[in-house]
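**Q** make a model of this:
(4 chains)
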Number of protein chains: 2
Amino acid sequence: MEKIRILVVDDHPMVIEGMKAILQQISFVEVAGTAGNSFQALELAETLQPHLIITDINLPEVSGIELTARIKKNYPAMKVIGMSTFNDRSYISQMIQSGADGFLVKSASREEIEQAIPMVLDGQLYLSVDVGMNRTEKKNLQHQPVITRREKEILALIADGLTNPQIAEKLFISLNTVDTHRKNLLAKFETNNSAALIKLATRAGLI
Amino acid sequence: MEKIRILVVDDHPMVIEGMKAILQQISFVEVAGTAGNSFQALELAETLQPHLIITDINLPEVSGIELTARIKKNYPAMKVIGMSTFNDRSYISQMIQSGADGFLVKSASREEIEQAIPMVLDGQLYLSVDVGMNRTEKKNLQHQPVITRREKEILALIADGLTNPQIAEKLFISLNTVDTHRKNLLAKFETNNSAALIKLATRAGLI
DNA sequence: TTAAAAATCCCCCGAAAGCGTGATGTATTC
DNA sequence: GAATACATCACGCTTTCGGGGGATTTTTAA
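**A** Purely as a prediction, here's the structure:
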């Protein structure tokens, strides 16, 4: 069986080396290449066509979140696992929003990484054990709707207590448009009023 | 000037001893007594009438949160500082809800404790530096409204997306009553719609 | 036992939210 | 050049919310 080809992205050489060392201990994977920034990563993704990309979230200039979004747009089949020193929920949420398939803390063990890779390749969402979420929470993350920029903007204004007319005035758009966006938000979160919407969105780290 | 008399409450003897040792290094305070549980603490609060109580949050049987609430009810002038290993926001919020005047992580230094005591005695809210909140957040905590049990219950249902009629049915009470509670919540949080209410309440750790 | 706090209930009314359905312009991507 | 996703706008209709009152009954604490 073909080995899983992985591209590792991180701006710290030490992390790259560490990850390489760990991956080399896993029989069914192969480090296809490494990159120190998002531009390099995008190039290598093109030329190497790896099965999986493991990338730091905090990259200079173009963040790992942005990188993930671009990767997913260009190569939807390619899997992406985000990595960070902190298990910050909002980071995780943002990664999921961008289409990431998993999240690892940098302190993750070889065993954990070995477990994460097949899961992600299989289409499941992997979250580092350190993240400390129960299954329900993880499921919620998986079913977390992806919202557009405009929707996010309006979501924040709703959370601030603005009414539709007020939002319309503030954004120089029609009341009807605001209403449509609000409706789309309610539909995406499968709720039927703003109170529940704000609760879910807050929990998802979107506010 | 009279020394500040302090009652220390914790179920771990080691913590008691450690806190005592630290407090003894501070010139303007005096350890009036120590307690290993809430019952003992309440008795000593009565007999010793300390100016300040420093209590663990995680006490067996009756928690530090509950203890704080009772102390504040019986002796509103007595100050209470909560203590915990973790700087968990929801714990802090609950302590504030119960009327606590400050919060310390157990890893707090002598300097920090020395700073916290006069502040709290002065009527200010002290939060351990480790809590990592900016001033705005701390202010919000101070102005966090205290809500009743019933209000909290209804708040949760609103956050779940239930409408007033649905809540009324669920709790076997009149629609008007639910409406009144909702209005009181809106008034307490100084908002004018449920979306903002849920945002603030979530941020306050009430949901 | 008595006063205060919490929970309960009631009504009116206008504004906002929520639901359905459809349509157009415009980037961006394939 | 076609398809897709996004943002924009429209309208009618029903329900719910939010603001303004006021009132009574439990519970709880002093």
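**Q** after the helix or strand of chain A with the lowest mean pLDDT, next one along is what?
**A** One helix or strand of chain A scores below all others by mean pLDDT, DSSP states H and E: helix A:135-142, with a mean of 62. Heading C-terminal from helix A:135-142, the first helix or strand you meet, by DSSP states H and E, is helix A:149-159.
**Q** could you pull up the residues touching the residue most central in space within chain A?
**A** Taking Cα atoms, centre = their mean, the centroid of chain A lies closest to residue A:95, which sits 1.5 Å from it. Contacts for residue A:95 (Cβ atoms under 8 Å, 6 or more residues apart in numbering or on different chains) come out as A:57, A:64, A:65, A:68, A:82, A:103. C-betas here are computed from N, CA, C, even on glycine.
**Q** one more time with 6 Å
**A** A:65, A:82, A:103 (Cβ atoms under 6 Å, 6 or more residues apart in numbering or on different chains).
**Q** tell me which element it is part of?
**A** Counting by DSSP H and E, residue A:95 is found in helix A:89-97.
**Q** which helices and strands sit right next to the helix or strand following that helix?
**A** Next helix or strand after helix A:89-97 toward the C-terminus (DSSP H and E): strand A:102-105. Under the contact criterion of 3 or more Cβ pairs under 6 Å, 6 or more residues apart in numbering or on different chains; DSSP states H and E, strand A:102-105 touches strand A:79-84.
**Q** quick one: contacts of the strand it packs on?
**A** A:52-54, A:56-57, A:64, A:68, A:71, A:91, A:95, A:100-104, A:106, A:120.
**Q** one step back: how many neighbouring residues does the residue lying closest to the residue nearest to the centre of chain A once chain neighbours are set aside have?
**A** Among residues not flanking residue A:95 along the chain, residue A:82 sits closest, at 4.1 Å (Cβ to Cβ, 6 or more residues apart in numbering or on different chains). By the measure other Cβ atoms under 10 Å in any protein chain shown, the count of residues near residue A:82 is 26.
**Q** need the three-state assignment for residue A:53.
**A** Look at residue A:53: counting by DSSP: H, G, I helix; E, B strand; the rest coil, its state is strand.
**Q** state the distance from it to chain B.
**A** 32 Å (Cβ to the nearest Cβ, to the nearest Å).
**Q** what do you get for residue A:93?
**A** In terms of Cβ to the nearest Cβ, residue A:93 sits 14 Å off from chain B.
**Q** quick one, what contacts that residue?
**A** Here residue A:93 is in contact with A:204, A:205 (Cβ under 6 Å, 6+ apart).
**Q** pLDDT score assigned to it?
**A** pLDDT recorded at residue A:93 is 79.
**Q** residue A:202 now?
**A** For residue A:202, the pLDDT comes out at 87.
**Q** next one: residue A:152
**A** Residue A:152 is assigned 89 on the pLDDT scale.
**Q** could you check the lengthiest helix in chain A against chain B for contacts?
**A** In chain A, with assignment by DSSP state H, the single longest helix is helix A:175-188. No: shown here: helix A:175-188 not in contact with chain B (Cβ under 6 Å from any Cβ of the partner chain), separated by at least 9.7 Å.
**Q** hmm, back to that, and which of the contacts of residue A:95 is nearest residue B:196?
**A** Closest approach to residue B:196 among these (Cβ to Cβ): residue A:65, at 27.7 Å.
**Q** contact partners of the helix or strand where that closest one lies?
**A** Assigned by DSSP H and E, residue A:65 belongs to helix A:64-74. Outside helix A:64-74, the residues that touch it by Cβ under 6 Å, 6+ apart are A:38, A:41, A:45, A:55-57, A:78, A:80, A:82, A:94-95, A:98-100.
**Q** and it, anywhere near DNA strand D?
**A** No: judged by Cβ under 7 Å from any atom of the strand, helix A:64-74 makes no contact with DNA strand D; its nearest approach is 10.2 Å.
**Q** is DNA strand C contacted by that helix?
**A** Yes: shown here: helix A:64-74 in contact with DNA strand C (Cβ under 7 Å from any atom of the strand) through A:73, A:74.
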